[in-house]
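Trainee: Dropping a prediction and its sequence here:
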Amino acid sequence: MKLTRRLALAVTLAAPLAAAPAMAQTQITVQHALPANSHTGVGATTFGQTFERLTNGRYRVVAQRNDNEREMIESVQIGTIDCTFTSTGPVGNFVPEVRVFDVPFLFRDAAHARGVLDSEIGQQVLQRFQARGLVGVIWIENGFRNLTNSRREVNTPADMRGLKIRTMENQVHMRAFTQLGALPTPMAFSELIPALQQGTVDGQENPISVIVANNINQVQRFMTLTRHVYSPQVMICNPQTVARLNAADRALFQQAAQEAQRANRARVTADDESGVAELRRRGMTVITEVDTSAFQQALAPAFAEWERTLGADLLRRIRDWRPN
Ligand code: EAX
């Protein structure tokens, strides 16, 4: 067949496709710090799948991993990525009001924490993101943080003396570990595993979900179920990303974020239920009977400081919060 006829035939065959208007598809990029198969990855992918479904494919959500949370927040602020799911670890350096949730032993259990964050207390803190060029969309969850180290069993605060502990770049956490006699060493999550492998630090602290998902048991021998801090995560977006949504799509966006919160929290609950047995199966020594009151007593001077710097009334309201 002559070339001219082949081209003519090709154009004819393509015509119906060319006539159908190509469906415009807007891409939204979401970054998070952990593997896809983790409580954070589940949150991000659930958000993406739900928002794409609810908008009939008018939006495409691309979930990417970036294990430097401060970097992700900066990228959202300047608009190089649309959204991030991040722990509140570094967030207090951008939105100081968030630090109140980082106070050790503040929450009785996950239900208490989730209730406070979803209540007007948590919503008022989300509103503070706007003044910092960010949109706090919804609270999700990292979980209760536990101590691990490669040196020795830690049963009491005295056992922590002299341990070099990696912390997030979080002033409240650093103050707490200093008060306990440890040597806090702040760094991004991306630097953690190499620092543990090289012995730059002796230990770290993270929720069971993070420890299991990142095989931190491979570089840490001991874990003490201190549950010393409840670690929120938060979905943060660039204001332009949200402003470009019309009212109907913004409602769908929020609905997808709520779906992500549900999936993320369910995964943390499941990880907490199975994580100790899993980490012991992997060879970790896990101490579960912990005298947390001893740790709380050792932190008394720091608590007095946080009452002054983070607000005694707000801390009391959080501690006293009960479901209706
Ligand atoms: O967000 O940096 C941390 O220890 C965080 O808990 C981790 O990146 C999960």
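Mentor: Sure thing, it's come through.
Trainee: now residue 43: how far from residue 108?
Mentor: 23 Å (C-beta to C-beta, to the nearest Å). Every residue, glycine included, has its C-beta placed from N, CA and C.
Trainee: More neighbours: the two, which one.
Mentor: residue 43 (30 against 13; other C-beta atoms under 10 Å).
Trainee: leaving aside the residues next to it on the chain, what's closest to the more buried one?
Mentor: residue 264 (3.4 Å; C-beta to C-beta, 6 or more residues apart in numbering).
Trainee: ok, then the element right after the helix or strand containing that neighbour?
Mentor: Using DSSP states H and E, residue 264 sits within helix 247-281. For helix 247-281, the following helix or strand on the C-terminal side (DSSP H and E) is strand 285-287.
Trainee: And that next one, what's buried?
Mentor: For strand 285-287, a neighbour-count test (16 or more other C-beta atoms under 10 Å) marks 286-287 as buried.
Trainee: what's around residue 78, how many residues?
Mentor: Residues near residue 78, counting by other C-beta under 10 Å, number 9.
Trainee: Check it and give its pLDDT.
Mentor: On pLDDT, residue 78 comes in at 97.
Trainee: Distance check, it against residue 165.
Mentor: Taken as C-beta to C-beta, the span from residue 78 to residue 165 is 32 Å.
Trainee: I'd say the residue nearest to residue 43 and residue 141 touch.
Mentor: Yes. Taking contacts as C-beta atoms under 8 Å, residue 264 lies within contact range of residue 141: 5.7 Å.
Trainee: what is in contact with these two at once?
Mentor: Common neighbours of residue 264 and residue 141, counting by C-beta atoms under 8 Å, 6 or more residues apart in numbering, are 39, 233.
Trainee: May I see the buried residues of stretch 70-78?
Mentor: Of the residues in stretch 70-78, 70-73, 75-77 count as buried by neighbour count, 16+ other C-beta under 10 Å.
Trainee: Go through the residues you listed and name the one nearest residue 317.
Mentor: When these are ranked by distance to residue 317 (C-beta to C-beta), residue 73 comes first, at 26.6 Å.
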